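Q: sequence? don't have it. structure:
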């Protein structure tokens, strides 16, 4: 069985994410465990190691979602549930809102804005535009 037939892998540099969706909680749980097993086998076959201590699972919730507990793991190692994570530079939480991402970005943007404003007084407009 192939991972692609059960889920949607997303590979970026040295990060691997897998998106699994299913309307049935029981099916979702069993498919998640199967995909995790297949990933460990695939990594091992390519002389790679899946670090289960850094592996986590996030269940996206809606207002009407049931809060069932997930039991995902491999060889007695249970995968921890995450409330939020970074995915391709975006802070995502399990309620799919932008609050965490904005809280992280506002200080960075504020520092950049200050740097650009400070440069206006000591350099020409073309330099400021290139900094921007």
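A: Structure received. What you see is a predicted model; the values in this text were computed from it and never measured.
Q: wait, residue 57 sits on residue 70?
A: Yes. Because the distance of 6.2 Å satisfies CB atoms under 8 Å, residue 57 is recorded as touching residue 70. Using the backbone N, CA and C atoms, a C-beta is placed for each residue, glycine as well.
Q: who touches both of the two?
A: 32, 81 (CB atoms under 8 Å, 6 or more residues apart in numbering).
Q: Okay, strands next: where are they in the chain?
A: 8-12, 15-19, 56-57, 73-74, 77-78, 80-81, 84-87, 90-93 (DSSP state E).
Q: Of these, which is nearest residue 32?
A: strand 56-57 (6.9 Å; CB to CB).
Q: ok, that closest one: who's next to it in the sheet?
A: strand 80-81 (parallel) (DSSP bridges).
Q: ok, and what's touching the strand it pairs with?
A: Taking CB under 8 Å, 6+ apart as the rule, strand 80-81 contacts 55, 56, 57, 58, 59, 70.
Q: and that strand, how far from the chain's centre?
A: Averaging C-alpha positions (CA atoms, centre = their mean, to the nearest Å) puts strand 80-81 13 Å from its chain's average.
Q: Give me the mean pLDDT for that strand.
A: For strand 80-81, mean pLDDT is 86.
Q: Stretch 95-103: end-to-end distance?
A: 15 Å (CA to CA, to the nearest Å).
Q: Show me which positions of it end up buried.
A: By 16 or more other CB atoms under 10 Å, the buried positions in stretch 95-103 come out as 100, 101.
Q: quick check: mean pLDDT across that stretch?
A: Here the average pLDDT along stretch 95-103 is 81.
Q: Fine by me, we can end here.
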